[in-house]
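K.L.:
no sequence on this one, just coordinates:
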């Protein structure tokens, strides 16, 4: 058999591995790997836990956004309803105000007509009294005529007013 450098390298590797195994190197190496695997497993569990929390927060914020949008829509709807109600109330008040002013104007016109009619009647009464006075004065002269004129004037005044 021919012994070359490869054979001696193999023998040296086997001896080295035997020394490492005897000294507990494999146990240290496996315990280090186990520790590292445990740390990685813990990191993965923590990452999964954080992911679940993040998903829960995302769902919560999505729900809050939906709720906020609904609330904004209800606020807008309420504002529109209030604006329409205010506009209707304003139209109603304006209509009532116009009706009141129209009624006041009609009342003032009626009062002015009544005053004008009264003034015309008074003027006609005065004219009639003056005409009657002139006619009676020409027909009846003296004390009897004066008394007759005074009573006639009083009677005409009472009837016309």
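P.N.:
Ah, there it is. All values reported here derive from a predicted model rather than from experimental measurement. Numbers count the residues shown, from 1 in each chain.
K.L.:
name the helices or strands packed onto the longest helix anywhere in the chain?
P.N.:
Ranked by residue count, the top helix of the chain under DSSP state H comes out as helix 25-139. If contacts are counted by 3 or more C-beta pairs under 8 Å, 6 or more residues apart in numbering; DSSP states H and E, helix 25-139 sits against helix 143-160. (Glycine included, C-beta is placed from N, CA and C.)
K.L.:
I'd like the mean pLDDT over the helix it packs on, please.
P.N.:
Helix 143-160 carries an average pLDDT of 73.
K.L.:
Determine the angle, from 0 to 180 degrees, between that helix and helix 25-139.
P.N.:
Interaxial angle, helix 143-160 versus helix 25-139 (axes from the mean of the first three to the mean of the last three C-alpha atoms, to 10 degrees): 160 degrees.
K.L.:
In terms of secondary structure, what does helix 143-160 contact?
P.N.:
Under the contact definition 3+ C-beta pairs under 8 Å, 6+ apart, helix 143-160 sits against helix 25-139.
K.L.:
how deep is residue 13 tucked in, by neighbour count?
P.N.:
When neighbours are defined as other C-beta atoms under 10 Å, residue 13 has 10 of them.
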